[in-house]
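[1] A structural model of the following input is requested.
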Amino acid sequence: MASSGSTTLAPVSVEGLRLALFTDTYAPQVNGVARTLERLAAVIEARGGSVRVFTTQDPEATDATGTERFPSRPFWAYPQLRLAWPRRQRVRAALEAYAPTLVHSATEFGVGLAGRRAARDLGIPFVSSYHTSFVAYADHYGLGLLARPGWHFMRWFHNGGLRTYCPTQAIVDEVNARGFERTAVWSRGVDGARFSPVYRSASLREQLGATDETLVLSYVGRLAAEKGLNVALDALALVEQARPGQVRFLVVGDGPFEGELRARALPGMVLLGKLHGAALSEAFASGDVLLFPSTTDTFGNVMLEAMASGVPVIGADVGPTREQLQSGGGWLAAPGDPAAFASAIIALVDDRSRVREAAARATAIAAAKTWDVVWDTLLADYLRLHRPSLR
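    Numbering: from 1, shown residues only. The predicted structure is shown next:
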């Protein structure tokens, strides 16, 4: 963790830590939670610890060692996600063989629930993390009647551990108000070598039909209804009416909403599908403004990646997004209001200097969000909570 002076302290070592990580989503699935957990596993190994990941089977998985997968099937409502219900005896035997000093469940159902149960059966210290805003999803899908029993279950699940990690202070405040205990912020960082303005691609912008006068709006992430993509489409239709031909819409990702996007294809909209590596870096940096209309995300990693790429954000004015953009990395619009998003976009079409100024602020903000600081904070807490191995 960086000190206030010119020297930098050595990264926190986790030698002796043996983490069992239980999650229903993991690579090769592409989402913010899976990517963050994959990073967590890598950093623990790099800092002298050991990690065993317990997760769902995936037909695209090519794991070597260190990952145990349970039979699973696609979730009917969202085939990109998979569900598994591991046998209690198998999970317990696997934990006894691995002898972890700490168990971390990153999801509350299926595999994550199996990890909680096994940890408590064996007396192993247990922590959890809260990645999905239950109340926001319940509201979005009209499941208000399930909110009360749902919060009861969530409270039971998370309060059974020594710590519940949340990605933002806004989410800590939300769950504390619902009776959660022993919460802490586990924030997110960004890889400045991977996401940077240097990846801006003139050829990609030309492919989009963009000139120097065109405002390229982008969306990067899962294509799902709860991400607010209907709001984005309605807003862009309003912008096209008001400023015809002056914007392009670059969409990166896949998911169940892709058919709707294609059915409602707007002038200047290009869908690139799921991207990785240099292609993803170019897509981020080649836009001018990222649209983030989601009201259900607990952090929104793509906002930080966009800002590191020199791209400011127009986001819905909800707690986690407000927390990220409060230092000037973009603009807020009323959640669920296409007219508010359209108004923000039109203002930038009419005054591109605002985009350039915000881009400079966004890059500076992201530069301070290093993963090293994030990991030092989390891993130091892990070490306070784990039970040293007898091995």
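
[2] in which helix or strand does residue 219 reside?
    Assigned by DSSP states H and E, residue 219 falls within strand 215-220.

[3] contacts for the helix or strand just after that strand?
    Elements were assigned by DSSP H and E; along the chain past strand 215-220, the next helix or strand is helix 229-242. Defining contact as C-beta atoms under 8 Å, 6 or more residues apart in numbering, one finds that helix 229-242 is touched by 217, 219, 223, 246-247, 249, 257, 260-261, 264, 266-269, 291, 293, 316, 336-339, 341-342, 345-346, 349. For glycine as for every other residue, the C-beta is placed from the backbone atoms N, C-alpha and C.

[4] what is the helix or strand just after helix 229-242 packed up against?
    Toward the C-terminus, helix 229-242 is succeeded by strand 247-252 as the next helix or strand (DSSP H and E). Under the contact criterion of 3 or more C-beta pairs under 8 Å, 6 or more residues apart in numbering; DSSP states H and E, strand 247-252 touches strand 215-220, helix 229-242, strand 269-273, helix 277-285.

[5] one more time with 6 Å
    Judged by 3 or more C-beta pairs under 6 Å, 6 or more residues apart in numbering; DSSP states H and E, the packing partners of strand 247-252 are strand 215-220, strand 269-273.

[6] of all those, which one is nearest residue 107?
    Nearest to residue 107 among the helices and strands packed on strand 247-252 is strand 215-220; the distance by C-beta to C-beta comes to 22.8 Å.

[7] quick one: distance of the closest one to the chain centre.
    Centroid displacement of strand 215-220 relative to its chain, using C-alpha atoms, centre = their mean, to the nearest Å, is 18 Å.

[8] ok, back up a step: tell me the most buried of the helices and strands packed on strand 247-252?
    Each of those was scored by mean neighbour count; the highest is strand 215-220, a mean of 24, by mean count of other C-beta atoms under 10 Å.

[9] quick one: mean pLDDT for it?
    In this model, strand 215-220 carries a mean pLDDT of 97.

[10] from the rest of the structure, what touches that strand?
    Strand 215-220 has contacts (C-beta atoms under 6 Å, 6 or more residues apart in numbering) with 210, 247-252, 287-291, 302, 349.

[11] re the thing from before, please pick the buried ones from the contacts of helix 229-242.
    With burial judged by 16 or more other C-beta atoms under 10 Å, the buried subset of the contacts of helix 229-242 is 217, 219, 223, 246-247, 249, 257, 261, 268-269, 291, 293, 316, 336-338, 341-342, 345-346, 349.

[12] please tell me how far residue 248 sits from residue 42.
    Distance of residue 248 to residue 42, given as C-beta to C-beta, to the nearest Å: 35 Å.

[13] more crowded one of the two?
    Using other C-beta atoms under 10 Å as the criterion, residue 248 and residue 42 rank with residue 248 on top: 24 against 11.

[14] how about the more buried one: what's its closest non-neighbour residue?
    Excluding its sequence neighbours, the residue lying closest to residue 248 (C-beta to C-beta, 6 or more residues apart in numbering) is residue 268, at 4.2 Å.

[15] read off the pLDDT value for the one you found.
    pLDDT, read off for residue 268, is 91.

[16] next one: residue 78
    pLDDT, residue 78: 60.

[17] and this protein, what are its domain boundaries?
    18-189+370-385, 197-367 (automatic domain parsing).

[18] give me the distance between the two termini of the longest one.
    With C-alpha to C-alpha, to the nearest Å as the measure, domain 18-189+370-385 spans 12 Å from end to end.

[19] going forward, begin numbering at 47 instead of 1
    Yes, from this point I'll number from 47; that puts the last item at domain 64-235+416-431.

[20] give the bridge partners for residue 359, please.
    Per DSSP bridges, the residues bridged to residue 359 are residue 336, residue 376.

[21] any low-confidence regions in the stretch 197-346 of the chain?
    Within the stretch 197-346 of the chain, no stretch has pLDDT under 70.
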